[in-house]
Every structure is written in C-alpha cells, then in structure tokens.
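Colleague: everything below, folded, please.
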Amino acid sequence: MALPVLKNRYWVLRHGRSTPNEKGLIVAHLSNGVLPQYGLSPTGFVQAKTAAELFLTEIEAEGISLQNVRIYSSPFSRTRDTAVTVAEELHLKPDVPYVQILEELRERYFGPALELESHDHYREIWALDENDPFTGPDGGESAADVANRVIKVLPVIEADCEG
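Modeller: Below you'll find the model as predicted:
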C-alpha cells in the first residue's frame, strides 16, 4: 500500500518508560494494554514531560500555534498516559479534543504465546522481521501488518485536521 500524500506535519512520539518495561514484560494485546497497571512508570511521566518541552520548542521555532496541535494515541494506558501528560504540559485547552484515541495506533500484537512473557523474546521477533517482514509470530502481526494498519489510518487523521 502506498503512503498517502500528507498535508499536515507529524511529530511521532513513543510512549515513555512503562511498568511493563520495568518488569521486563511484553504487553501487546489490547485487553492487557488498556489496564492501568500497565501504564507509565514514574520515569515515563518525566520522559513525557521532557518530550512535551522539546515539542513546544520545535513548534514555537516553526511558528505553529498550539491551537493547531492534535495528539493521537493508541488506547494502551502507557500511550494514553504519555499523550495526556504531553497535552497537559502544553497547556492545551481541555474543551477541545486534543487527545484522540485511535485503536489503529495500538501496539504490535506478538501473539498469545508471547503475551505477558519476558521481553527477552523480542530478539526472536526482530529476527523474524529481519528474515521476512511479512510473516509475524504465531497468532500475531507482522511488521508489514502494522505498517499497513498505520497507513490506513493516516487519511482519517488527515481528514480530521487542517494544517
């Protein structure tokens, strides 16, 4: 699938350090990812605040108004925590839906065998990806599946935003 022509600028931010990161767990299924216990760690909140400061510096340098900023997040608690923290640090007005949740932006699912298992298994996934990005782990998504999912949601975001 071809990448659509984009009329907006995007700043992509990975979530801050999460409790699963600290525990060394893979949390990639939506049913687990939305649970509060898998949100940001205290370090992750600090990282999100720092990211907001850097983002503010960038948009001010580009002359972009905060009223044109929209934040899209997956429904996972770690990404929602990051998005809300950034929005709060930017002092975005709560009466405008600055943080919008899109399931299509969710974490890559690695299949039931790896859910809540050690993050040491990531090495196996990256080896699979290197060998064939179109084949995912048993019951999980491939790297290509994730890329296609994100590419499909971009026109939705584009239609929702002007400038």
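Colleague: strands of this structure, start to end?
Modeller: Listed in chain order, the strands of the chain (DSSP state E) span residues 71-73, 99-101.
Colleague: spit out the contact partners of residue 140.
Modeller: Taking C-beta atoms under 8 Å, 6 or more residues apart in numbering as the definition of contact, the neighbours of residue 140 are 28, 108-111, 114. C-betas here are computed from N, CA, C, even on glycine.
Colleague: pLDDT wise, what is it at?
Modeller: According to the per-residue confidence, residue 140 scores 96 in pLDDT.
Colleague: picking that back up, among the strands of the chain, which is nearest residue 144?
Modeller: In terms of C-beta to C-beta, the element of those nearest to residue 144 is strand 71-73, at 21.4 Å.
Colleague: remind me what that closest one packs against, helices and strands.
Modeller: helix 77-89, strand 99-101 (3 or more C-beta pairs under 8 Å, 6 or more residues apart in numbering; DSSP states H and E).
Colleague: returning to that earlier point: who wins on neighbours among the contacts of residue 140?
Modeller: The member of the contacts of residue 140 that has the most neighbours, counting by other C-beta atoms under 10 Å, is residue 110 with 24 neighbours.
Colleague: how close does the closest residue in space to it that isn't next to it in sequence get to residue 61?
Modeller: In space, residue 110 comes closest to residue 140 once its chain neighbours are excluded; the distance is 4.3 Å by C-beta to C-beta, 6 or more residues apart in numbering. Here the criterion is C-beta to C-beta, to the nearest Å. By it, residue 140 lies 40 Å from residue 61.
Colleague: tell me the mean pLDDT for the helix of greatest length in the chain?
Modeller: Of all the segments assigned as helix in the chain under DSSP state H, the longest by residue count is helix 42-62. Average pLDDT, helix 42-62: 96.
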